[in-house]
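In: this one's structure only:
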């Protein structure tokens, strides 16, 4: 044990850890979750990635803006790294995460560029420190060097750490920098949770469990939460393929997503105090996705960005019938049938040509352009139907886990529908009119 690090943590505690009573609350309209995983050397981070992904598809957290990092390592960086690119794509969306293990400096820049606008617009950055704080120190320094004031960083970057191990494996200078220059919140160690013995630290739930029925239920074809089932199936595949050492309880068929006690605290989850309760809430539940979706109905969608109807427009692309918010009235090309795609997801079938709407990476690899060009429902033709509190709806593409946007930045006259956003704003909202 490195006692020097714990002395640093103890000396900084009074200035780094806010009172539990005075804690801020995550604001989904302007804050961001930055989820940082070391993925070295044990597979609990793989389970934590699947668990967080399961939270983010729940109706309570679908509109949370999130950016993720793998390879957030410290002194143990020479140990075996478990690459989980495919799981990151599923959980956080393609292009919505960075690989610090293989590109540390580039990742520091990408993180800084992603969170700087949040801070400058009055939002907070909530860091799930599911690894060491070395990379956090580097992007904090980058923010300061890029002109973000020390007070903004101190008050609006909230770093949440639960793990004695992660503290011990962070380099001393980086740990001290993070604790002194940001708001550093220490939780009781989730690896030994539930904890009640450290009154100065918030308690944490118990997310390590040897009960093998949890994974069995998650992977069962009858699990109504298809998105969570896919996440845990991919987590299992990665661990089976890449992890050869024994890591209880995962190696014995149990679960360990203890790093997600930080998400539990950040989001102030009511319940889910143990793995079984978490499972019932986020993994084997009927998530509420598509609740209220008018399955079987013909609808028109009016974009909030410009008050125009969405059209499967042959004139924009005679082959693919691209979708755009460009019509002032509803005709045949502005009508879509809402189809049950299974697993709580929907598909849209265009009345114009009787084809399914696809968030098509092949048409635009950066923006995943929507087009009515498919004859069958696959992964890219499925969407999550989200009912917003203001009476509008949003769509989240299953293909890349991003929100559908009528993107006036791409074309101000004829805003194309693209799946390219990580949070819901005005451009990602639509009014539904049943035809």
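Out: Perfect, I can see it now. All values reported here derive from a predicted model rather than from experimental measurement.
In: C-alpha from now on. contacts and neighbour counts both.
Out: Will do.
In: mind showing which ranges of this protein have poor pLDDT?
Out: 1-22, 77, 193-200, 286-292 (pLDDT under 70).
In: run through the helices of it in chain order.
Out: Taking DSSP state H as the test, the helices found in the chain are 3-16, 44-56, 85-92, 104-120, 134-145, 150-156, 164-168, 172-181, 213-219, 226-242, 261-266, 275-278.
In: among those, which comes closest to residue 324?
Out: helix 85-92 (25.6 Å; C-alpha to C-alpha).
In: list the helices and strands that closest one packs on?
Out: Packed against helix 85-92 by the contact rule (3 or more C-alpha pairs under 8 Å, 6 or more residues apart in numbering; DSSP states H and E) you find helix 44-56, strand 66-70, helix 226-242.
In: if we use 10 Å, what do you get?
Out: helix 44-56, strand 66-70, strand 97-99, helix 226-242 (3 or more C-alpha pairs under 10 Å, 6 or more residues apart in numbering; DSSP states H and E).
In: quick one, domains of the chain?
Out: 3-283, 298-434 (automatic domain parsing).
In: picking up where we left off before, format the helices of the chain as CSV; extra columns: mean neighbour count and distance to residue 351.
Out: Shown next, in CSV, are the helices of the chain (neighbours: other C-alpha atoms under 10 Å; distance: least, C-alpha to C-alpha, whole Å):
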stretch, mean neighbour count, distance to residue 351
helix 3-16, 15, 58
helix 44-56, 25, 32
helix 85-92, 21, 30
helix 104-120, 17, 39
helix 134-145, 20, 49
helix 150-156, 17, 48
helix 164-168, 18, 55
helix 172-181, 19, 55
helix 213-219, 18, 36
helix 226-242, 20, 27
helix 261-266, 24, 42
helix 275-278, 18, 41
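In: between those helices, which one is nearest to residue 206?
Out: helix 275-278 (6.4 Å).
In: re the thing from before, and the domains of the chain, which is most packed in?
Out: Counting by mean count of other C-alpha atoms under 10 Å, domain 298-434 has the highest mean neighbour count of these, with a mean of 21.
In: quote the end-to-end distance of that domain.
Out: 6 Å (C-alpha to C-alpha, to the nearest Å).
In: likewise stretch 424-435?
Out: With C-alpha to C-alpha as the measure, what separates the two termini of stretch 424-435 is 26 Å.
In: how far out from the middle of the chain is it?
Out: 22 Å (C-alpha atoms, centre = their mean, to the nearest Å).
In: stretch 322-341 too?
Out: 29 Å.
In: nearest spatial neighbour of residue 257, skipping sequence neighbours?
Out: residue 48 (4.2 Å; C-alpha to C-alpha, 6 or more residues apart in numbering).
In: so how far is residue 80 from that neighbour?
Out: Residue 48 is 18 Å from residue 80, by C-alpha to C-alpha.
In: then residue 378?
Out: 35 Å.
In: same list (the helices of the chain) but as TSV, adding distance to residue 349.
Out: Formatted as TSV, the helices of the chain follow (distance: least, C-alpha to C-alpha, whole Å):
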stretch	distance to residue 349
helix 3-16	53
helix 44-56	26
helix 85-92	24
helix 104-120	35
helix 134-145	45
helix 150-156	44
helix 164-168	49
helix 172-181	51
helix 213-219	29
helix 226-242	21
helix 261-266	37
helix 275-278	35
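In: for residue 27, which of those is the nearest?
Out: helix 261-266 (10.4 Å).
In: who are the packing partners of that closest one?
Out: strand 32-37, helix 44-56, strand 125-130, strand 157-161.
In: okay if I get these as TSV plus distance to residue 323?
Out: Shown next, in TSV, are the helices and strands packed on helix 261-266 (distance: least, C-alpha to C-alpha, whole Å):
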stretch	distance to residue 323
strand 32-37	29
helix 44-56	27
strand 125-130	34
strand 157-161	39
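In: out of these, nearest to residue 390?
Out: Comparing the helices and strands packed on helix 261-266 by C-alpha to C-alpha, helix 44-56 comes nearest, at 20.5 Å.
In: off-centre distance for that closest one?
Out: 9 Å.
In: could you check the angle helix 85-92 makes with that helix?
Out: 30 degrees (axes from the mean of the first three to the mean of the last three C-alpha atoms, to 10 degrees).
In: residue 265 versus residue 115, what's the distance?
Out: Distance from residue 115 to residue 265, by C-alpha to C-alpha: 21 Å.
In: please disregard the earlier target; I meant residue 133.
Out: 18 Å.
In: what sits against residue 218?
Out: Listed by C-alpha atoms under 10 Å, 6 or more residues apart in numbering, the contact partners of residue 218 are 224-226, 228-233, 279-280, 283-285.
In: kindly report the same for residue 153.
Out: 116, 119, 120, 124, 125, 140, 141, 143, 144, 181, 182, 183.
In: one step back: nearest to residue 250, of the helices and strands packed on helix 85-92?
Out: helix 44-56 (7.6 Å).
In: angle of the closest one against strand 32-37?
Out: 160 degrees.
In: export the contacts of residue 218 to CSV and tack on distance to residue 336?
Out: Output for the contacts of residue 218, formatted as CSV (distance: C-alpha to C-alpha, whole Å):
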residue, distance to residue 336
224, 25
225, 25
226, 24
228, 28
229, 29
230, 28
231, 30
232, 33
233, 32
279, 35
280, 34
283, 31
284, 31
285, 29
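In: farthest-separated two in the residues you listed?
Out: Among the contacts of residue 218, 233 and 280 lie farthest apart (C-alpha to C-alpha), at 17.1 Å.
In: and the end-to-end length of stretch 356-367?
Out: So stretch 356-367: terminal residues 18 Å apart, C-alpha to C-alpha.
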